[in-house]
Structures are given as C-alpha cells and as structure tokens.
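Visitor: need a structure here:
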Amino acid sequence: MQNRLSLLKNKVIFLKEFIKSPSEVGAISSSSKYLANKISNCINYKDAKCIVEYGGGLGVFSNEIIKNMKDDTSLLIFENNISFYNKLLKNLEHSKRNDNKLYKNVYIINDSVEKIHHYCSIYNLSQVDYIVSGLPFRSFSQELTTRILELSQDILSSHGTFIAFQYSRKRLKLFNKYFENSQLYYEFRNIPPAFVYKGDNKSPN
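Guide: Below you'll find the predicted structure:
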C-alpha cells in the first residue's frame with residue numbers, strides 16, 4: 001500500500017511539473033521500468049569507472065544504475081528542476097544523508113548539465129565512460145542541443161558511449177554528428193513510447 005501511495009505521489013509530482021514547464025520536462029509521466037532496463041542493458045558495468053546521468057527526474061534510471069554498478073564506479077546525476085531534485089534525494093533507496101552525496105561516489109547535482117566540466121573537476125573525475133540522457137532534446141533549441149552534445153563529446157573518454165532516450169527522431173542526425181556506430185532500440189511499454197539511442201564517442205575533426 002505504501003509503495004502504491006509513493007508511486008501515486010511521484011505521478012502527481014511529474015504531472016504538475018509537466019504542466020508548469022512542458023518543454024523542460026518533456027513527458028506527462030516518469031519513465032517505465034521497461035525503459036530503464038533497456039537503458040541499463042546498454043551499459044557495460046564491469047568496465048564503467050564513471051557514469052553521468054542528465055536529468056535524473058524521480059530516479060527511475062538512477063536506481064537501476066546504482067543497483068548494477070560496481071562499488072568503485074562514480075555516478076553524477078544532474079537534475080536542474082528543484083522539485084524533482086528534492087524528490088530524487090528521497091527516492092533513491094541508498095541515500096544516507098541530505099548533502100548531495102550518496103555514500104562515497106554517487107552525487108546528485110541541482111544544476112545544469114552545461115556545467116559538467118566544473119563538477120567533474122570538483123569530484124576529480126578525469127574521464128566519463130557513459131552519459132545517460134533523459135533530456136527532451138526535441139524541445140531544446142538547436143543551439144542548446146549542439147552545446148550539450150559538444151560538451152558530452154569532450155568529457156567522454158575516447159571509448160565512451162552516449163545513451164539517450166527520446167520520444168521523436170528529430171535530433172538523430174545531430175546525434176550522429178558527434179557519435180558513431182549508433183544503434184536504436186524501441187520501447188513501447190512506456191508512456192509515451194520511446195526509443196533509446198546509443199552511440200560511441202567520435203573524435204572531433
């Protein structure tokens with residue numbers, strides 16, 4: 001009963017934030033466990049030293065990543081929406097204290113992903129192996145999307161991987177400008193149905 005109540009509260013929070021700012025939230029409901037599993041299956045946790053999540057939302061992907069990653073893997077979770085950020089702190093089952101830090105190597109950041117270099121420097125992370133993005137790029141301007149993709153390409157290691165779920169194919173050509181060997185996976189058990197983009201880092205010319 002408590003779990004159902006918690007799920008209902010999460011749905012209400014998500015809907016309220018969507019109504020306030022649809023272009024920033026991007027969907028009326030949090031992602032499904034099926035989409036989270038599809039995202040997680042794109043990550044080789046054995047070799048992942050650092051994972052960055054763009055747009056932690058209410059923690060659907062974050063929980064899945066934390067559950068599977070190694071003890072010595074670092075995870076940075078960016079959530080710019082203050083309501084989602086506060087709920088995210090409570091939703092993550094391994095949260096020990098309210099100082100933006102989950103044990104020694106998981107960090108929740110209430111700031112823009114455009115400051116990724118700044119926070120990687122703060123936490124002494126020299127390279128990122130995976131970026132998992134839940135950002136609604138279709139609602140962003142081309143300029144903002146390009147800036148985020150350039151920053152992502154720059155912070156990813158040479159063998160790093162960019163993973164993003166989207167509800168439209170609008171930005172696929174732009175994704176492929178920065179990442180190669182791309183693959184698409186569809187998940188219809190989500191509201192709305194989504195696809196997962198996975199691409200390897202492409203060295204800038």
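
Visitor: Dump stretch 69-88 to PDB, restricted to CA.
Guide: Extracted in PDB, the C-alpha atoms of stretch 69-88 (Å, rounded to 0.1, in the frame of the first residue of the first chain):
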ATOM      1  CA  MET A  69      27.300  -0.500 -11.000                       C
ATOM      2  CA  LYS A  70      30.400  -1.600  -9.200                       C
ATOM      3  CA  ASP A  71      31.400  -0.200  -5.800                       C
ATOM      4  CA  ASP A  72      34.200   1.800  -7.200                       C
ATOM      5  CA  THR A  73      32.200   3.400 -10.000                       C
ATOM      6  CA  SER A  74      31.400   7.100  -9.800                       C
ATOM      7  CA  LEU A  75      27.900   8.300 -10.700                       C
ATOM      8  CA  LEU A  76      27.000  12.000 -11.200                       C
ATOM      9  CA  ILE A  77      23.300  12.700 -11.500                       C
ATOM     10  CA  PHE A  78      22.200  16.100 -12.900                       C
ATOM     11  CA  GLU A  79      18.700  17.400 -12.100                       C
ATOM     12  CA  ASN A  80      18.000  21.100 -12.800                       C
ATOM     13  CA  ASN A  81      14.400  21.000 -11.600                       C
ATOM     14  CA  ILE A  82      14.300  21.700  -7.900                       C
ATOM     15  CA  SER A  83      11.100  19.700  -7.300                       C
ATOM     16  CA  PHE A  84      12.500  16.700  -9.000                       C
ATOM     17  CA  TYR A  85      15.800  17.200  -7.300                       C
ATOM     18  CA  ASN A  86      14.300  17.200  -3.800                       C
ATOM     19  CA  LYS A  87      12.100  14.100  -4.600                       C
ATOM     20  CA  LEU A  88      15.100  12.400  -6.200                       C
END
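
Visitor: where along the protein do the helices fall?
Guide: Ranges of helices in the chain, per DSSP state H, are 2-20, 22-25, 33-40, 60-68, 82-91, 116-122, 142-155, 172-178.

Visitor: could you say what helices and strands the last one packs with?
Guide: If I follow you right, that is helix 172-178. Other helices and strands packing on helix 172-178, by 3 or more Cβ pairs under 8 Å, 6 or more residues apart in numbering; DSSP states H and E, are helix 142-155, strand 156-166, strand 179-187, strand 194-201. No exception for glycine: its C-beta is placed from N, CA and C like everyone else's.

Visitor: switch to 7 Å and redo it
Guide: Contacts defined by 3 or more Cβ pairs under 7 Å, 6 or more residues apart in numbering; DSSP states H and E place helix 172-178 against helix 142-155, strand 194-201.

Visitor: in its sheet, what does the shortest one sit against?
Guide: Strand 194-201 pairs in its sheet with strand 156-166 (antiparallel), strand 179-187 (antiparallel), by DSSP bridges.

Visitor: Please identify the deepest-packed of the ones you listed.
Guide: strand 156-166 (a mean of 20; mean count of other Cβ atoms under 10 Å).

Visitor: Show me the one of the helices of the chain that comes nearest Pro193.
Guide: Pro193 lies closest to helix 33-40 among these, at 9.2 Å (Cβ to Cβ).
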